[in-house]
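K.L.:
sequence and computational prediction follow.
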Amino acid sequence: MLRQRQNAGTIDAWGVELTGAANLTPALSLNGAVSWTDATVDGGASAPQLTGLRPAQAPEWSATAGLDWRLSSALTLALAARYESRRFDDDLNSRTLAGAVTLDARAEWALDARTTLWLAADNLFDTDVEVSQTGNGVAGYGPPRTASIGLRLSY
């Protein structure tokens, strides 16, 4: 089966986004954001069958929450959770992708004022996050648990 996406009509979207941060202690901070978006397609004359539907791959709700813990001037540990509500894979809103929550972890060690060593684990619990679905129901998934290490140089 072959799929092709083309531009069709316009999207009318509006919503609300809230972002906040709090220093719980001098070493511990909490941050978060939540957004709600109401979006509909106006397919116009080129795609009237899409009028009133939700755009593909556009969740209604998304949220993030994170906790940063500065253990010392050199070492910081962080956890970040991400949520996206269900969304549609296709323009006709016939194939639904499930909502998902993932958790990421990160450690950063400042070696000096310009050099930071970091270690990260994304999708820590190896959650299956649906990102696509074929016409006959075969799901495609985002990255599994992934670990990475890096060195950041500032100048």
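P.N.:
That came through, no problem. Residues are numbered from 1 along each chain as shown.

K.L.:
drop to CA atoms for contacts and neighbour counts, all remaining ones
P.N.:
OK.

K.L.:
mind pulling up the pLDDT for the residue nearest the centre of the chain?
P.N.:
Nearest to the geometric centre of the chain sits R82, at 5.9 Å (CA atoms, centre = their mean). Here the pLDDT value assigned to R82 is 97.

K.L.:
contact partners for the spatially closest residue to it that is not a sequence neighbour?
P.N.:
Nearest-residue entry for R82: T64, 4.5 Å, with adjacent residues in sequence omitted and distances by CA to CA, 6 or more residues apart in numbering. Applying CA atoms under 8 Å, 6 or more residues apart in numbering to T64 gives the contacts 32-34, 80-83.

K.L.:
which ones are touching the residue of the chain positioned farthest from its centre?
P.N.:
In the chain, counting by CA atoms, centre = their mean, A45 sits farthest out from the average C-alpha position, at 33.1 Å. Going by CA under 8 Å, 6+ apart, A45 touches G9.

K.L.:
relative to G9, how far out is it?
P.N.:
8 Å (CA to CA, to the nearest Å).

K.L.:
what do those two both touch?
P.N.:
Counting by CA under 8 Å, 6+ apart, nothing touches both A45 and G9.

K.L.:
need the max-distance pair from the contacts of T64.
P.N.:
V34 and A80 (13.3 Å; CA to CA).

K.L.:
buried set for stretch 62-77?
P.N.:
In terms of neighbour count (16 or more other CA atoms under 10 Å), stretch 62-77 has its buried residues at 62-70, 75-77.

K.L.:
same deal with stretch 36-54?
P.N.:
36, 39-43, 50-51, 53-54.

K.L.:
now stretch 143-155
P.N.:
Quick answer for stretch 143-155 (16+ other CA under 10 Å): R145.

K.L.:
now that stretch: mean pLDDT?
P.N.:
96.

K.L.:
one step back: next one: phi and psi at the residue farthest from the centre of the chain?
P.N.:
Per-residue torsions, A45: phi -70, psi -30 (degrees, to the nearest 10).

K.L.:
gap between the two ends of stretch 64-79?
P.N.:
Across stretch 64-79, the terminal residues are separated by 11 Å (CA to CA).
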